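K.L.:
Pasting the sequence and the predicted model now:
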Amino acid sequence: MTAPLSFLTSGDAGVTWGLIAAVGSLVEVLPAGTPFNLTVLDGGFPAHVCARLADHASRRHGSAARLQFVPFRWPPHCRAPALEGSLLTYARLFVADHIEDDFCVYFDTDIVFLENPAPLLDTARAQPVHPVWAAPNYPDARFQHQIGRQSAVLAAGTTPDELYFNAGFLVINIAEWRRRGALHTCLALAEQHQFISHDQDALNVFFRREWARLPSRWNHQLYERHDIPADAALLHYSGRNKPWHCGYPAAARQPFVDALAVAGWPGWRAKLNVRQYLRNSPLRPLLARTRYSLRKAVGLSGTKPR
C-alpha cells in the first residue's frame with residue numbers, strides 16, 4: 001500500500017476563499033484515489049466550508065483523503081511581530097508538531113495548483129541532505145538585499161548572487177527540520193530582529209546556503225505582474241492584492257475562479273469594495289502620483305506653505 005502524502009497549510013477566516021481554491025486545486029491535480037493527509041492549522045475558518053472541502057476531497061479520493069482542521073496555538077511568551085495583526089504567518093514553522101511523516105509539502109492559502117506536486121516529494125526523499133526545497137523569491141531574489149536592508153550583520157559575507165527563497169510553497173524535510181530545531185530558532189530570530197517578512201526572513205537566515213532550489217514554475221508569483229507562463233505548475237498570488245479582492249485583473253484571476261468552481265463554488269464573484277478596486281486599478285500609479293503631488297503642495301505636515 002502506498003504511504004499517504006502529507007500536506008500542511010494555514011489561515012483564518014480572512015483568507016477563506018483562498019483556502020477553498022488552494023485545497024480545491026490540490027484535490028483536483030492529485031490522481032483520483034491518491035492517499036493523502038492535509039492538515040490545516042485553523043485560525044477560524046467557517047465550519048461549513050471545512051465540511052464541504054472534506055466532502056469534496058472524499059468524493060474524488062474516497063477514504064484515501066484525510067483533511068483535519070487543527071486550532072493554531074501561539075506560544076504565549078513569543079514576541080515575534082504579527083503580519084497585519086495575524087500570527088498565522090508563522091504556522092509553517094510548527095510543521096514538525098503536526099506532521100508525522102518525514103517529508104511534507106507546505107503551501108500558503110493564496111496558491112492555486114496547476115500540476116501534481118507529488119513528484120517533488122519523491123525528489124526530496126531521494127536527496128535527504130537538504131532541509132527544505134523552495135523557489136527563489138520574486139521580484140527580488142537577492143539574499144543580500146532582502147536581509148541586508150534589515151541587518152548588516154546577518155548579511156555579512158554574502159555575495160550578490162546568493163539567493164533568497166519565497167516560503168509560500170515549501171517541500172520540507174521534517175526530520176532535518178526537527179533535528180536542527182528550526183521552530184524555536186526561527187521564532188527567536190524573528191523576535192530578535194523583528195523581520196519585515198517575518199518567518200520567511202527567519203527561514204532564509206536559518207537555512208542559508210542549505211536549501212535546495214525548485215524551478216520557478218513551482219512558485220510563479222503574481223506580484224505586480226499578471227502573466228501566466230504555459231509551463232507554470234503553481235500560481236502564487238503573493239503580495240497584498242489577492243484574487244478574491246474586487247478589481248483583480250480578470251485573466252490572472254481566472255485559474256482561481258476555476259479552482260473555486262471545481263471545489264463546489266461555481267459562479268463566484270468578488271464583492272464590490274471601492275478601496276480594493278482602486279488598489280487593483282491600472283490607474284493606481286497615477287492616483288499615487290496625484291496624491292503625492294497634493295500632499296507636497298500643502299506640505300507633508302498638512303499645513304499650507306507660507
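P.N.:
Structure's in. What do you need? Just so you know, these numbers come straight off a predicted model, no measurement behind them. Numbers count the residues shown, from 1 in each chain.
K.L.:
from here on, contacts and neighbour counts on C-alpha atoms
P.N.:
Fine.
K.L.:
can you give me the helices in the stretch 201-306 of the chain?
P.N.:
250-263, 274-280, 284-298 (DSSP state H, counting those that start in this stretch).
K.L.:
What's the mean pLDDT across the shortest one?
P.N.:
Across helix 274-280, the average pLDDT comes to 70.
K.L.:
Give me the residue ranges of the stretch 51-200 of the chain where confidence is low.
P.N.:
Within the stretch 51-200 of the chain, no stretch has pLDDT under 70.
K.L.:
Which parts of it are strands?
P.N.:
Here the stretch 51-200 of the chain has its strands, by DSSP state E, counting those that start in this stretch, at 65-71, 103-107, 111-113, 132-134, 169-173.
K.L.:
other SSEs contacting the longest one?
P.N.:
Looking back up the chat, that one is strand 65-71. strand 36-42, helix 47-61 (3 or more Cα pairs under 8 Å, 6 or more residues apart in numbering; DSSP states H and E).
K.L.:
would JSON lines of these with mean neighbour count and distance to residue 243 be doable?
P.N.:
Output for these, formatted as JSON lines (neighbours: other Cα atoms under 10 Å; distance: least, Cα to Cα, whole Å):
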{"stretch": "strand 36-42", "mean neighbour count": "22", "distance to residue 243": "21"}
{"stretch": "helix 47-61", "mean neighbour count": "16", "distance to residue 243": "18"}
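K.L.:
Out of those, flag the one nearest residue 13.
P.N.:
Closest to residue 13 of the helices and strands packed on strand 65-71 is strand 36-42 (Cα to Cα; 8.8 Å).
K.L.:
Parallel or antiparallel, list what pairs with that closest one.
P.N.:
Paired neighbours of strand 36-42 in the sheet (DSSP bridges): strand 5-11 (parallel), strand 65-71 (parallel).
K.L.:
Check what contacts that strand and list those residues.
P.N.:
Identification of contacts with strand 36-42 by Cα atoms under 8 Å, 6 or more residues apart in numbering yields 4-12, 64-72, 91, 98-99.
K.L.:
hmm, back to that, can you list the helices and strands packed on strand 65-71 in a markdown table and add distance to residue 78?
P.N.:
Below are the helices and strands packed on strand 65-71 laid out as a markdown table (distance: least, Cα to Cα, whole Å):
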| stretch | distance to residue 78 |
| --- | --- |
| strand 36-42 | 18 |
| helix 47-61 | 29 |
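K.L.:
now, of the strands of the stretch 51-200 of the chain, which is deepest in the fold?
P.N.:
Of all those, strand 111-113 carries the top mean neighbour count, a mean of 27, counting by mean count of other Cα atoms under 10 Å.
K.L.:
Residue 174 and residue 237: what is the separation?
P.N.:
As judged by Cα to Cα, to the nearest Å, residue 174 and residue 237 stand 26 Å apart.
K.L.:
Pick out whichever of the two has more residues nearby.
P.N.:
residue 237 (27 against 23; other Cα atoms under 10 Å).
K.L.:
quick one: contacts for that one?
P.N.:
If you count contacts by Cα under 8 Å, 6+ apart, then residue 237 has 110-111, 221-223, 243 around it.
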